[in-house]
Every structure is written in structure tokens, then in C-alpha cells.
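Novice: everything below, folded, please.
(2 chains)
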Amino acid sequence: MATSSNAPLIEVQNLGVRLNTSRGPAQAVRGVSLALKRGETLGLVGESGCGKSVTALALMGLLPDSAVLTGSIKLDGRELIGLTDGEYCKLRGNRISMIFQEPMTALNPMHTIGRQVAEPLRRHTGCSAADARREAIALLDRVGLPDAAKRVDAYPHQFSGGQRQRVTIAMALACQPDVLIADEPTTALDVTIQGQILDLIADLVEERGMSMILISHDLGVIAENVQRMMVMYGGTVVENGETDKVFSRMGHPYTQGLFRARPKLGARKGTRLKTIAGTVPELADLPSGCTFADRCPLVEDRCRAAPPPVIDVGGGHGVRCVRTDVSMAAAVGAPA
Amino acid sequence: MSVFLLRRFATLLATLIGASLIIFLVLDALPGNAAQMLMGADASPDAVRALSIKLGLDQPLSLRYLLWLKGMMVGDLGNSYVYGTPVAGLIAERLVLTIPLAIMSMSVTVVLALSAGIYTAANHNRLGDVGVMSLTQVGIALPNFWFAILLILLFAVKLQWVSAGGFAGWDDGIWPGVRSLLLPAISLSVVQAAILARVTRSAVLEVLREDFVRTARAKGLGKREVLWRHVLRNAMIPVMTVMGLQFANLLAGTIIIENVFYLPGLGRLIFQSIANRDLIVVRNCVMLLAAMVVIVNFVVDVLYAFIDPRIKVHHL
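Specialist: Modelled structure (predicted):
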């Protein structure tokens, strides 16, 4: 299992996902590449429908059967695209785990939380029911569920949203996975709980040396929790790099738009929130050139002609925009 | 849990009392006089009046209702106007046939419907799903008495595997009795199974779309494991609700089916008693059917609480 520290643990190359939607085939992910070493953290940012969750589900092998995947996903050097479901089942919940957005619905209402946390252990480690239960209690205790030993036989509806998210985290961590994918893990929670859950995830990632892919539309969450980040739009990565570099430079007009659209504390009452003009394009009919062209303030004819290349603006910070020089000169500056 | 049971039990009693009241009023408001019916159209008014008094038909409505309720408590349902024998005995004799028939057809319904429903949901939009769902469409459209006649033509007349009608009784062991109830049970089940299969399919499909199914898959469970461990129990609530309601349809169906197969069951007793204006038998049989339906649905409600842990908290 252990690999040399330089080889990436998970490596995605030129991933493409085509989904069959009710409106016809949609290229939901186009040419996404990423590499994550053991212990590294990566953030995926973007609006709903930009392809971040589809990318995550592709890594988990949980897309519908009708989805067509191209490119390559390697875990520890092993190609995952094309694995049978049975083979994938041995990895899911074992070496690669996922935390979902909605803790209120992510747990089976009919089963006790103890049983649900113990389930991956029983499935992957083949341990006895009694051992799995003991381990489940220890895990629930670790994720900060009060009175874990007493509440292990309670049902999901007896817990609050934050507690349920702790349970799903315990479930995801049960088999000590190498990679943790957290898809908007705090979006559905109260603001006061969000910080606690993110801190818990960060602690656990550090403590267990996991790699983490954190998906969020919240720039603040990304800024505080990951080393590197990728901004996605229309199924492509429009900007990627170390988190501080992306935040300080903001090369892509879309990234800049995201920053401007954040609500600001202290803004005068009645001030309208800034938005990015236009709407996210339908994945079923994306434009042939830059996917952001229709909403971009800096758009030129050549933007629509062909997909723009990634331009390295220094230190592994890449921006997929032909007008990077102009956009970076006009950047809105570091986040407040 | 016990609070839930108590509340539900109170509802059960109230429903039964309501049902008895409606049955009593409707049957007593029915035109036609049992005494007149028994004596024939040519009987003298004096003789009819005398018989009315003998049967207690001259007493006030409320008193007769209360006497009936009291009789039900102690198991004395009075004597049949036509046969002159105790109604309780008549009914008990018929239940020996009708209860096994109901159990058999409910079992056939459940087995057929659950296997078809789960199979089609697991193979959603594939050939098997489309094929089985088309069959259920046909099943729903079949009138059960017509299907019963088809079954008789095939299995009794042509293949001669079973008899075309009549009931062998339980004296020679279980098998002869079961055999004579086989075709009636199947004819009663077809429509019910077709409906329940569709309900099961959509309930399972609905649950398959839930987030926790994806969570279970993310833990490394295979599709089949997810279906059996996580989906089915969640899908059972709507399925059981419909099953409870179908039980009522099934009992109503016995009235026709028992006539098609010449089975001396409760359904046939009701049919004959209505024709004879044997109101006291009709009233008690209908009350019994109503009670069975209400009790079955009570049991279904209690089962909810066993299946779904959330119901214990929310009380119905």
C-alpha cells in the first residue's frame, strides 16, 4: 500500500465524463487532470453544475451506468476506469471514502447509527459484529459524538444535522481510507456548526495522513482548509494552483467574478450583492470555445474560436484564459 | 410505543362502533320486511305482524341496535330468519372456508407482487421490467370472475387437475381442501398482485433515488446488497399500506368468486342472505367483514412502528 512519497496517490489525467441527461448527452467533465500525494489536500470550487460533484462521483465510481468515462484515474498506480463494480466495491469505503452534502438524508432512517458505521468495517475487514460495534463506538467517540457508547443504538432521526454529519464522517473513516472526498460537507449545516465540522475533518486528515479532496462553492471554506485548489467552470478546470497563490493573483475572470460575488460584512444596507452576469451554460450544449465566454467581461473573438490553453503564470499556478495578462492586471486584489 | 398502541386501539374501537351504526341503519332502512318475505306475498297482514313481533322487529330501533351490540359481545347473534339456526353457527361454518381462502390469495398476491416489483425495480427500464410491467397492466384489466372461468376451462375441464368447483372440506386432511381453493385463490390474486407489483416497483425505485442509497454504495456495498439491506425495508411502508387496503377488496371479491366456484363460504352466505332478505345474517356478515378489514389495517399500522423507528416518536 505505501508508496514512495513522491508518487501521486491519486492521479487523474484528462478525465472526461459524458452523462445521458433528459436533454440529451452532456459532457459534464472535460479534460480534468489532478494529482494528489499522500497527505495533500485539494479544493474544488465552482457554481452548481460546474462538474465538481460529477468529478467526485467519477473518482468513487458511482456515476450511473450510462455515464461514459474517458481518460484515466489511477489510485496508487492502479487504473480505476474500467474496473467492474465488484472490484470497485472493494475500494469504496475502504481506500477511498466520501462524505456527502446532506447529512439529513445520507443516513438510512431505518438502521441504527452504530450499524451504519460498522457496515464498512464488516464489509471490508471481515471483523466480527462485536468487534465492528466496538470500533464503531470508538469512531463515533473520535468524531465527537457525545455519549457515543450510549447512543450507538439510536436512529438518525434522533440526532441533529451536525451530529449526523459527524456520524457520516465516522462512517467514511471507518476503514482508514487513503483518500477522503468531502462533497460540500458543511453546506447543509448551520453556520455555527460548519466551523466545528471543518476543524474535525482537518484534524482527522492530519492525524491519519489522508489525502483530501474538498468540494465547496464557498471560497472561505477553501481558503482555510486546502493546500491547493482548482476552480471549475462548465466541466473544465479554469484555474488551479496553490491556494494562497490563486487567492492572491486570481488569474481567471471567472475566479475574479466569484470573489466579487461574495457577500461582504459591513456593506451598506440596501447594497445589491454583486453577481456574475448570465447563467451557467447547459452542459448539454456548451460553447465550442471558452465555456465562460458568454459571461466574461474580457471576451474577444478568439475566446469563442477554440478552447483556451492553460497558461502557467508561475509556480505551478495555471490559468485557462487567453487574456490572462489583461485579467491579472485588472484583478480585484487579495480577498478582504 | 404503548401510547401509540393505545391511541391506535381507541381509533379501532371507534371505527368499529361507527361501522356497526352505519350497517344497522342502512339495513333497517332497506325497503322490504323480513317477515313479509318469509311468509310470502300472499300472507295475511295479521300473520306478518305476528311474525314481526316474534322476530322482535316491532321494537324501537335504538333498543334493537343495543341488543345487537350486546349480542355481539357475548357471541349470541340471534337466529337466521330463513334457516332458524343461530347466525353465529352459520358464519363459523362458512369461515372455515373463507379464512383459508383469504390467507391463500393474500399469500399468492404478496409472493407474486413482491418478486415482480423488486425484480422490475432492480432492472428498471430494461427488457424484463417492460415485459413484467406490461403483464401487470393486463392483470389489472382482467375481471376476476372472467379469469376464474378461464382457469376452470384450462385446469378443470381440459387438464382435469382440479375440480371445477365445490369444496372438499378439511376432514380428509389439508391437501384436498387446499386443492379446491387453489383456483379461487389465484383468480382473486391476479388483479391484486398486478396492482401491488406496480406499487412495490415504484416504492423501491423511489427509495433507490434516496441519498442514503448512494452512501451505502460509497461504503462499498454492491447493488444487490444495497437493495436487500437498505432499500426494501424503506420501501415496505407504502407496500404494506396498499396490502391492508387490498385485503378489503379481496374479501369483497370472495362474494363473486365463491359463487363462480360454488364454494360454501362467507361470500356466498352473504349473497344468498341478501336474496332471501335474511337481514340478520346479512347484518352480522357485513359487520364481520368490516371488522376484519379494520383489524387488518390496525395490524398494518402497528407493523409500521416495528418497521420504521421514526413512527414510535411521531405517533399516528
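Novice: for chain B, which spans come out with low pLDDT?
Specialist: B:1, B:29-34, B:312-316 (pLDDT under 70).
Novice: next up, the contacts around the residue most central in space within it.
Specialist: By C-alpha atoms, centre = their mean, chain B has its centre lying nearest to B:Leu251, at 3.1 Å. By C-beta atoms under 8 Å, 6 or more residues apart in numbering or on different chains, the contact list for B:Leu251 reads B:102, B:267, B:289, B:292-293. (Each C-beta comes from the backbone N, C-alpha and C, glycine too.)
Novice: and those, which two are furthest apart?
Specialist: Largest separation among the contacts of B:Leu251 by C-beta to C-beta: B:Gly267 and B:Val293, giving 14.0 Å.
Novice: in terms of neighbours, single out the busier of the two.
Specialist: Per other C-beta atoms under 10 Å in any protein chain shown, whichever of B:Gly267 and B:Val293 has more neighbours is B:Gly267, with 26 against 20.
Novice: which secondary structure element contains the more buried one?
Specialist: helix B:266-275 (DSSP states H and E).
Novice: and that helix, what does it pack against?
Specialist: Packed against helix B:266-275 by the contact rule (3 or more C-beta pairs under 8 Å, 6 or more residues apart in numbering or on different chains; DSSP states H and E) you find helix B:87-122, helix B:232-260, helix B:279-307.
Novice: number of nearby residues for the residue nearest to B:Leu245 when sequence neighbours are not counted?
Specialist: Spatial nearest neighbour of B:Leu245, chain neighbours left out: B:Asn297 (7.5 Å); criterion: C-beta to C-beta, 6 or more residues apart in numbering or on different chains. Using other C-beta under 10 Å, B:Asn297 is surrounded by 21 other residues.
Novice: try A:Val191
Specialist: Neighbour tally, A:Val191, other C-beta under 10 Å: 7.
Novice: cool, and B:Arg277?
Specialist: With other C-beta under 10 Å as criterion, B:Arg277 counts 20.
Novice: looks like it contacts B:Met37 (just checking).
Specialist: Yes. Between B:Arg277 and B:Met37 there is a contact at 4.0 Å, judged by C-beta atoms under 8 Å.
Novice: find the residues that touch each one of these two.
Specialist: By C-beta under 8 Å, 6+ apart, the residues touching both B:Arg277 and B:Met37 are B:Tyr81.
Novice: buried residues, stretch B:95-113. List them.
Specialist: For stretch B:95-113, burial by neighbour count (16 or more other C-beta atoms under 10 Å in any protein chain shown) applies to B:95-98, B:100-102, B:104-106, B:108-110, B:112-113.
Novice: show me which pair in those residues is furthest apart.
Specialist: Of all pairs in the buried residues of stretch B:95-113, the most separated under C-beta to C-beta is B:Val96 and B:Ala113 at 26.9 Å.
Novice: find the nearest non-adjacent residue to A:Gln27, please.
Specialist: Excluding its sequence neighbours, the residue lying closest to A:Gln27 (C-beta to C-beta, 6+ apart) is A:Arg18, at 5.3 Å.
Novice: what does the helix or strand containing that neighbour rub up against?
Specialist: Per DSSP H and E, A:Arg18 falls inside strand A:10-21. With C-beta under 8 Å, 6+ apart as the test, strand A:10-21 has contacts from A:25-36, A:51, A:54-55, A:58-59, A:63-64, A:66-76, A:96, A:178-179, A:211, A:235, A:283-284.
Novice: the inter-axis angle of the next helix or strand after that strand versus strand A:10-21?
Specialist: For strand A:10-21, the following helix or strand on the C-terminal side (DSSP H and E) is strand A:24-36. Strand A:24-36 and strand A:10-21 are oriented at 170 degrees to each other (axes from the mean of the first three to the mean of the last three C-alpha atoms, to 10 degrees).
Novice: near chain B, which residues of chain A show up?
Specialist: Proximity of chain A to chain B, by C-beta under 8 Å from any C-beta of the partner chain, involves residues A:60, A:62, A:85-86, A:89-94, A:97-98, A:100, A:102, A:105-111, A:119-120, A:123-124, A:155, A:157, A:168, A:171-172.
Novice: burial check on the residue nearest to A:Gln27, number of neighbours?
Specialist: There are 19 residues near A:Arg18, going by other C-beta under 10 Å.
Novice: over to the one 3 residues further on?
Specialist: Using other C-beta under 10 Å, A:Thr21 is surrounded by 13 other residues.
Novice: distance of it from A:Ala284?
Specialist: Using C-beta to C-beta, to the nearest Å, we find A:Thr21 at a distance of 6 Å from A:Ala284.
Novice: middle-most residue in chain A, spatially?
Specialist: Residue closest to the mean C-alpha point of chain A, counted by C-alpha atoms, centre = their mean, is A:Ile215 at 2.5 Å.
Novice: what kind of secondary structure is it in?
Specialist: Recorded secondary structure, A:Ile215: strand (DSSP: H, G, I helix; E, B strand; the rest coil).
Novice: go ahead and confirm it touches A:Leu44.
Specialist: Yes. Counting by C-beta under 8 Å, A:Leu44 is a contact partner of A:Ile215 at 4.6 Å.
Novice: need the overlap of contacts for these two.
Specialist: Common contacts of A:Ile215 and A:Leu44, defined by C-beta under 8 Å, 6+ apart, comprise A:52, A:56.
Novice: which SS state does residue 200 fall under?
Specialist: I went with chain A, as the question did not name one. Classification of A:Leu200 by three-state DSSP places it in helix.
Novice: that one: what's it in contact with?
Specialist: A:Leu200 is in contact with A:143-144, A:166, A:169, counting by C-beta under 8 Å, 6+ apart.
Novice: and what of B:Leu183?
Specialist: Applying C-beta under 8 Å, 6+ apart, the residues near B:Leu183 are B:148, B:151-152, B:155-156, B:162, B:261.
Novice: out of the residues you listed, which are inside helices?
Specialist: Residues of those located in helices (DSSP state H): B:148, B:151.
Novice: who wins for neighbours among the contacts of B:Leu183?
Specialist: Neighbour max across the contacts of B:Leu183 (other C-beta under 10 Å) = B:Phe261, 26 neighbours.
Novice: report the contact partners of that residue.
Specialist: Shown in contact with B:Phe261 (C-beta under 8 Å, 6+ apart): B:148, B:152, B:164-166, B:183-184.
Novice: separation between it and B:Val111?
Specialist: 21 Å.
Novice: do A:Phe100 as well
Specialist: For A:Phe100, the distance to B:Val111 - C-beta to C-beta - is 36 Å.
Novice: contact partners for the nearest residue to A:Ile113 once chain neighbours are set aside?
Specialist: Nearest residue to A:Ile113 in three dimensions, chain neighbours excluded: A:Val167, at 4.9 Å (C-beta to C-beta, 6+ apart). Residues near A:Val167 by C-beta under 8 Å, 6+ apart: A:103, A:107, A:113, A:116-117, A:140, A:143, A:145, A:156, A:159.
Novice: in three-state terms, label A:Val167 for me.
Specialist: A:Val167 - assigned by three-state DSSP - is helix.
Novice: tell me where the stretch 1-150 of chain A has helices.
Specialist: Applying DSSP state H, counting those that start in this stretch to the stretch 1-150 of chain A gives helices spanning A:52-60, A:85-91, A:113-125, A:129-142, A:148-151.
Novice: export the ones you listed as a markdown table, with columns for mean neighbour count.
Specialist: Listed next are these as a markdown table, based on neighbours: other C-beta atoms under 10 Å in any protein chain shown:
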| stretch | mean neighbour count |
| --- | --- |
| helix A:52-60 | 23 |
| helix A:85-91 | 15 |
| helix A:113-125 | 24 |
| helix A:129-142 | 18 |
| helix A:148-151 | 16 |
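Novice: A:Gly289 - how many residues pack around it?
Specialist: A:Gly289: 18 neighbours (other C-beta under 10 Å).
Novice: surely it and A:Pro309 touch.
Specialist: No. Taking contacts as C-beta under 8 Å, A:Gly289 lies outside contact range of A:Pro309: 11.8 Å.
Novice: any regions of chain A where pLDDT drops low?
Specialist: A:1-5, A:330-336.
Novice: how about the strands of it, start to end?
Specialist: Applying DSSP state E to chain A gives strands spanning A:10-21, A:24-36, A:41-45, A:68-75, A:78-79, A:96-99, A:179-183, A:211-216, A:228-233, A:236-242, A:311-312, A:318-319.
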